[in-house]
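Visitor: sequence first, then the predicted structure:
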Amino acid sequence: MGYFVGMDTNIVLLAEMTVEDVLRKWPETWTVFMSKRTECVGCFMQRFCTLQDVAETYQISVEDLTGELESCVIQSKNTQRSTT
């Protein structure tokens, strides 16, 4: 199973995490799900679907998905730091 641990951050994205878990912890990641053309945001199954499920359903690499999600979170954190 894929996972990605961000350097210098508290970001840990596991393939076993549900879409709901990810969106609750990092709401800004909705943009990644939309850019991948998934129907995850707002789907009633988001509480059950894992990132692995999303990758398999939409035929994308779980490593690419978790990497893009992490990049989104880091970019958002950096933007927040620069505005404070």
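Guide: Sure thing, it's come through. Numbering: from 1, shown residues only.
Visitor: what's the helix or strand for the residue most central in space within the chain?
Guide: Among the residues of the chain, residue 69 comes closest to the average C-alpha position under Cα atoms, centre = their mean, at 3.7 Å. Element membership for residue 69, per DSSP states H and E: helix 62-83.
Visitor: now do the buried residues in that helix.
Guide: Neighbour-count burial for helix 62-83, counted by 16 or more other Cβ atoms under 10 Å, picks out 62, 65, 66, 68, 69, 70, 72, 73, 77. Placement of C-beta: from N, CA and C, glycine included.
Visitor: isn't the fifth one right next to residue 30, touching?
Guide: Put plainly, it is residue 69. No - shown here, residue 69 and residue 30 do not form a contact pair, counting by Cβ atoms under 8 Å, at 10.3 Å.
Visitor: where does pLDDT dip in this protein?
Guide: 1-10, 81-84 (pLDDT under 70).
Visitor: right, and the helix or strand after the helix or strand encompassing residue 31?
Guide: Assigned by DSSP H and E, residue 31 belongs to helix 30-35. Once the chain leaves helix 30-35, the next helix or strand it forms, by DSSP H and E, is helix 51-57.
Visitor: residues of that following helix that come out buried?
Guide: Quick answer for helix 51-57 (16+ other Cβ under 10 Å): 51, 52, 53, 54, 55.
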